[in-house]
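**Student:** show me the folded form of this:
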Amino acid sequence: MNYLFFGEDNNIRWRKLLFALRDRKTTIVIRNYCIVLGCVTLLSLGLAEVYNHPSRVAQRDRLNNYGYFIGAGLVDYANRAIYR
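**Tutor:** Take a look at the predicted model:
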């Protein structure tokens, strides 16, 4: 006999796999898994694009610099309030 992929055991495994794919319930599970996998992949890529977009990075840098300015202003205000 001509066995698919080296030996009788592998041939039996492939037959069981192909039989499972013909079962409606298994087909639905595999289809839903593929749909979820595709959705998660696309959403992850989209979120990474939004987060690492150049305008977003520039906005984050501006906010960081503004934070230093506010912190210096608060320190100055505290010094003035304490040492009047």
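**Student:** in space, what's closest to Ala20 - neighbours in sequence excluded?
**Tutor:** When the adjacent residues along the chain are set aside, Ala20 lies closest to Thr26, with 4.9 Å between them (C-beta to C-beta, 6 or more residues apart in numbering). To be clear about C-beta, it is placed using only N, CA and C from the backbone, and glycine gets the same treatment.
**Student:** any stretches of this structure with poor pLDDT?
**Tutor:** For the chain, the stretches with pLDDT under 70 are 1-10, 21.
**Student:** can you map out the helices along it?
**Tutor:** For the chain, helices defined by DSSP state H occupy the ranges 8-22, 24-51, 54-82.
**Student:** okay if I get those helices as TSV plus mean neighbour count?
**Tutor:** TSV is the format used below for the helices of the chain (neighbours: other C-beta atoms under 10 Å):
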stretch	mean neighbour count
helix 8-22	11
helix 24-51	10
helix 54-82	10
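**Student:** quick check, central residue of the chain?
**Tutor:** Nearest to the mean C-alpha position of the chain, counting by C-alpha atoms, centre = their mean, stands Ser44 at 3.5 Å.
**Student:** ok, it to Val50 distance?
**Tutor:** Taking C-beta to C-beta, to the nearest Å as the measure, Ser44 falls 11 Å from Val50.
**Student:** try Asn65
**Tutor:** From Asn65 over to Val50 (counting by C-beta to C-beta), the distance is 22 Å.
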